[in-house]
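**Q** let's see this in three dimensions:
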Amino acid sequence: MTTLTEFLSTADSDSATALVQAHAFSEQVLKPIDERMMNERTVMGLIGMQSGEVFMQSLEAAPDSAIPARVKAWFKPSEAGIDVATPSAVGLIDAMAGAGAITEAEAELLKGYAYNTVTPFARITLHDVLLTREVCPTVAVTQSGGYVVITTTADTDSHNPRLLALNPRTGVLVRIESFRGVFSAGTYDARVPPEWRGADLFVDDAYGVVGVG
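**A** Next up is the predicted model:
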């Protein structure tokens, strides 16, 4: 399955546009083997009784030299069926289409039975996009009593802004905590681990709504 990093590498350079593209993205993933076995009932259910009958009659009429008897048997209702994702099954379906037993569109339906269509990025946020691209803006914050308090001035997608600390030894920002479930305008806090209470602190501001409480 495509990762978000892979998808964003070819998505629009504008992250807001890339988010829209990500929400609309879909792809096919292979079903577990027990869910992609195809027999006569499956064929009928996918392409209808009339086309299914033509398919099965053509299959039975094919010489054993072209389609072995054991392959024909796999399509019987009493059998588990044939794994439609295998090259032999794809070749058989294409052969039936080439012989005119089914249409090309029906062949695609049968071959597509091996896959589920998924939308892996339907729920991601702009925060996710900016983090993945490593371009999420941040604002400086200070801790008081072991906590950092922020206010947000407008509603956003529900997300978990990172609380970051500047590592004085490496000069790199590291996540030390997160503000949980930020989505409506209001006040949020996050605990600062004791070892980071003297460090320079920052918080993600993906939506430009973060202020210091």
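**Q** so where's the protein uncertain?
**A** Within the chain, the stretches falling below the threshold (pLDDT under 70) are 78, 212-213.
**Q** can you list the domains in this structure?
**A** Structural domains assigned to the chain are 30-118, 136-212, following automatic domain parsing.
**Q** redo these as a markdown table? Include mean neighbour count and distance to residue 125.
**A** Any C-beta I mention is one placed from the backbone N, CA and C, and that applies to glycine too. Putting those into a markdown table (neighbours: other Cβ atoms under 10 Å; distance: least, Cβ to Cβ, whole Å) gives the following:
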| stretch | mean neighbour count | distance to residue 125 |
| --- | --- | --- |
| domain 30-118 | 15 | 19 |
| domain 136-212 | 16 | 4 |
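**Q** among these, which comes closest to residue 16?
**A** Comparing the domains of the chain against residue 16 with Cβ to Cβ, the closest turns out to be domain 136-212 (10.6 Å).
**Q** centre of the chain to the closest one, how far?
**A** Using Cα atoms, centre = their mean, to the nearest Å, we find the averaged C-alpha position of domain 136-212 to lie 28 Å away from the chain's own average C-alpha position.
**Q** check stretch 107-124 too.
**A** Shown here is stretch 107-124, whose average C-alpha point lies 11 Å from the average C-alpha point of the whole chain (Cα atoms, centre = their mean).
**Q** start to end distance for that stretch?
**A** For stretch 107-124, the first-to-last residue distance is 34 Å (Cα to Cα, to the nearest Å).
**Q** got a list of contacts for it?
**A** Among residues not part of stretch 107-124, those counted as contacts by Cβ atoms under 8 Å, 6 or more residues apart in numbering are 1-2, 4, 7, 19, 22-23, 25-31, 36, 38, 42-43, 46-47, 83-85, 90, 93-94, 96-97, 102.
**Q** how about the helices in the protein?
**A** Assigned helices in the chain, in chain order: 4-10, 15-24, 40-47, 49-61, 69-74, 87-98, 104-112, 126-132 (criterion: DSSP state H).
**Q** on that earlier part again, same list (the domains of the chain) but as CSV, adding distance to residue 127.
**A** As requested, the domains of the chain are exported to CSV (distance: least, Cβ to Cβ, whole Å):
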stretch, distance to residue 127
domain 30-118, 22
domain 136-212, 4
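**Q** of all the helices of the chain, which lies closest to residue 149?
**A** In this view, those are compared for proximity to residue 149 by Cβ to Cβ, and helix 126-132 is the closest at 19.5 Å.
**Q** next up, the contacts around residue 1.
**A** 27, 29, 118, 120.
**Q** residue farthest from the centroid of the chain?
**A** Of all residues in the chain, the one whose C-alpha sits farthest from the chain's mean C-alpha position, using Cα atoms, centre = their mean, is residue 63 at 43.2 Å.
**Q** mind listing what that one touches?
**A** Neighbouring residues of residue 63 by Cβ under 8 Å, 6+ apart: there are none.
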